[in-house]
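S.K.: Sequence plus predicted model, see below.
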Amino acid sequence: MAFDFNMRVLVIDDYKTMVRIVRSLLQQLGFTNIDDACDGPAALEMIRAHDYGLILSDWNMTPMTGLDLLTAVRAEAGSAKVPFVMVTAEAKTENVVAARKAGANNYIIKPFTLAVLKQKLTTVFGEF
């Protein structure tokens with residue numbers, strides 16, 4: 001998969017502070033085109049309207065969980081192959097397994113550092 005720092009990235013989290021933290025970390029890595037959404041339904045509308053190169057979503061959101069969002073994203077032809085990274089405070093093995101089965105490309109446990117984010121994205125995209 002070709003890597004492009006100008007790819008459109010979508011960050012979904014119901015906590016604005018977390019969105020700001022993730023946006024800042026992505027910018028430190030070199031990403032320049034970052035959108036955000038505060039919940040799954042809003043994110044799904046954005047995903048249907050734009051071509052994203054990466055989606056980072058919180059797990060615990062209402063009214064649609066990150067897992068529900070991932071399932072919806074994978075079910076649509078236009079977004080089925082977009083790299084999707086689940087971000088969560090829960091390190092439960094069954095959650096990691098469920099996310100993988102649903103099609104997550106990787107899984108990040110909060111809190112995390114710039115180095116961890118880079119390592120997880122390197123697993124998805126290769127070295128950048």
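M.R.: Arrived safely, thanks for sending.

S.K.: so where do the helices sit in this protein?
M.R.: 16-29, 40-49, 66-75, 93-102, 114-125 (DSSP state H).

S.K.: out of these, which comes closest to residue 3?
M.R.: helix 114-125 (4.9 Å; CB to CB). Placement of C-beta: from N, CA and C, glycine included.

S.K.: Quick check: which ranges of the chain have low pLDDT?
M.R.: 1-2 (pLDDT under 70).

S.K.: Spatially central, which residue of it would that be?
M.R.: Nearest to the mean C-alpha position of the chain, by CA atoms, centre = their mean, lies residue 56 at 1.1 Å.

S.K.: Just list whatever residues bridge to that residue.
M.R.: According to DSSP bridges, the residues that bridge with residue 56 are residue 11, residue 85.

S.K.: what's it in contact with, if anything?
M.R.: Going by CB atoms under 8 Å, 6 or more residues apart in numbering, residue 56 touches 9-12, 22, 26, 85, 87, 108.

S.K.: Among these, which pair sits farthest apart?
M.R.: Across the contacts of residue 56 (CB to CB), the longest gap, 15.0 Å, separates 10 and 108.

S.K.: Between the two, which is the more surrounded one?
M.R.: residue 10 (22 against 17; other CB atoms under 10 Å).

S.K.: re earlier: return the most buried member of the helices of the chain.
M.R.: Compared across the helices of the chain, helix 66-75 shows the largest average neighbour count, a mean of 20 (mean count of other CB atoms under 10 Å).
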